[in-house]
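A.B. asks: got a sequence here, can you build the structure:
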Amino acid sequence: MSTIKSVRGYTPSFGENCFIADGAIVVGEVTMGKNCTVWFNAVVRGDVHSITIGDNTNIQDGAVLHCTYQRAKLVIGNNVSIAHNAVVHGCTIEDNVLIGIGAIILDDVVIGSNSVIAAGAVVLPKTIVEPGSIYAGVPAKRVKEIGDDMKEVILRTARNYPMYAEWFK
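C.D. replies: Purely as a prediction, here's the structure:
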């Protein structure tokens, strides 16, 4: 069973056709668009600041989304995939982005649209990821421009997760 909890007078709100898997936790000032999925043991913790998530975004198993009290909210666009065990904290992620497995995105980062953050990358505070970029490493640096094939992977991943959720309903 998932946990959806109010805190400090804020209750999470969900667009149509969202799926929250068993063991997932969504609390506080969280607003989620339509066709979003939050997978097993993921945590979306809007207790200290707001978390706004666009449409067709998936938050995969074990991912943690959080903010910094009174300073850094979390804003996530449309068609974003946040892979397994990623940590996304107090930043802005624009549309059509793939955050790789185990990546860490820190406060005040802005990730431009059509970008990929590689698995295991650590994006340091206040980094600006240019639209259409692939960032990798610790600390994460731009390694190349995204190609059309990777743009399709980003969109296909975002499209597939609502389908996967149907298997569990």
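A.B. asks: for the longest strand seen in the chain, the distance to its chain's centre please.
C.D. replies: In the chain, taking DSSP state E as the definition, the longest strand is strand 43-53. Computed by C-alpha atoms, centre = their mean, to the nearest Å, the chain-centroid distance of strand 43-53 equals 11 Å.
A.B. asks: can you count the residues close to Phe19?
C.D. replies: Residues near Phe19, counting by other C-beta atoms under 10 Å, number 21. The C-beta positions use only the backbone N, C-alpha and C, and glycine is treated the same way.
A.B. asks: list the beta-bridge partners for it.
C.D. replies: When bridges are called by DSSP bridges, Phe19 pairs up with Thr37.
A.B. asks: contacts only, for it.
C.D. replies: Listed by C-beta atoms under 8 Å, 6 or more residues apart in numbering, the contact set of Phe19 reads 36-38, 162, 165, 168-169.
A.B. asks: who wins for neighbours among the residues you listed?
C.D. replies: Val38 leads those on contacts (other C-beta under 10 Å) with 32 neighbours.
A.B. asks: hmm, Val44 and that residue touching each other?
C.D. replies: Yes - between Val38 and Val44 there is a contact under C-beta atoms under 8 Å: 6.1 Å.
A.B. asks: for those two, list the residues in contact with both.
C.D. replies: What both Val38 and Val44 touch, as defined by C-beta under 8 Å, 6+ apart, is the set 24, 26, 32, 59.
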